[in-house]
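S.K.: give me coordinates for this.
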Amino acid sequence: MSGVRTTLLSDGPSDRALLPILRWLLIECGVRKAIHPQWADLRQLRQPPRDMAERIHKTIELYPCELLFIHRDAERDPAAKRREEIQEAVERAFGEGAVNPPAICVIPVRMMEAWLLFDRACIRQAAGNRSERQTLELPPLSRLEALPDPKELLHQLLREASGLSGRRRRQFDTDRAVHRLADLIEDFSPLRALNAFRSLEEDVHSLTQLARWDIPDQ
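M.R.: Numbering: from 1, shown residues only. Purely as a prediction, here's the structure:
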């Protein structure tokens with residue numbers, strides 16, 4: 001297969017919403033080859049690995065790629081601590097002298113959903129209701145990294161944007177709407193106001209320059 005295969009190993013299935021963000025970053029950082037993203041689903045294994053190093057090793061075995069993204073939410077710990085944990089797990093998983101794809105840490109502060117809380121129009125569209133009658137109060141970009149529970153806030157906004165009420169509102173599939181929202185957003189550049197996102201973009205840019213993925217497939 002020509003192009004660049006990328007694999008995302010994440011905390012859980014909801015984090016597949018990171019895939020459109022990562023693809024956007026690769027293109028912004030100059031990748032001109034076809035991008036083939038995949039999410040590492042280890043849940044169906046008879047004995048899913050729990051240790052981070054084992055999960056990384058199994059991911060590379062089942063989802064071979066040219067670039068591995070490893071996601072962990074920072075939650076209440078400093079991002080630097082999460083990065084250190086991931087880097088140590090990568091070293092244990094790959095072993096000395098092994099040939100493996102480069103790995104990039106994806107560490108949103110708190111939770112991934114914070115990176116989807118900035119496009120009011122797309123939130124309405126993802127909720128299936130473009131009407132502007134529902135007032136959606138989005139937090140300022142400068143506060144996204146300080147939100148205590150961005151996942152709950154995003155789900156709440158999607159339910160509000162749906163315009164549904166009663167039983168239909170309670171049955172509204174917020175997880176599906178989150179994935180649709182990530183697909184609908186075409187420009188993630190506002191997130192450059194966030195330290196964690198800028199750090200990720202710098203890592204992606206450094207790697208893509210070394211890999212020379214700026215040359216299109218013939």
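S.K.: mind checking which helix or strand of the protein has the lowest mean pLDDT?
M.R.: When each helix and strand of the chain is scored by mean pLDDT, DSSP states H and E, helix 79-94 comes last, with a mean of 90.
S.K.: now for that helix, which elements pack on it?
M.R.: Applying 3 or more Cβ pairs under 8 Å, 6 or more residues apart in numbering; DSSP states H and E, one finds that helix 79-94 contacts helix 52-62, strand 67-71, strand 103-106. The way it works is simple: take the backbone N, C-alpha and C, and place the C-beta from them, glycine included.
S.K.: distance of the residue nearest to residue 154 when sequence neighbours are not counted from residue 203?
M.R.: If the residues on either side of it in the chain are set aside, residue 154 comes closest to residue 113, at 4.4 Å by Cβ to Cβ, 6 or more residues apart in numbering. Per Cβ to Cβ, to the nearest Å, residue 113 is found 21 Å from residue 203.
S.K.: these two: which is more packed in?
M.R.: residue 113 (24 against 19; other Cβ atoms under 10 Å).
S.K.: list the contacts of stretch 62-78.
M.R.: The contact list for stretch 62-78 (Cβ atoms under 8 Å, 6 or more residues apart in numbering) reads 4-11, 15, 18, 22, 38, 40, 42, 56, 59-60, 81-82, 85-86, 89-90, 100-112, 196, 207, 211.
S.K.: among those residues, the buried ones, what's the PyMOL command?
M.R.: Buried residues within these, by 16 or more other Cβ atoms under 10 Å, are selected in PyMOL with:
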select buried, resi 4+5+6+7+8+9+10+15+18+22+38+40+42+56+59+60+82+85+86+89+90+103+104+105+106+107+108+109+110+111+112+196+207
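S.K.: what are the ranges of the strands in this structure?
M.R.: Along the chain, the stretches classed as strands by DSSP state E are 4-9, 35-39, 67-71, 103-106.
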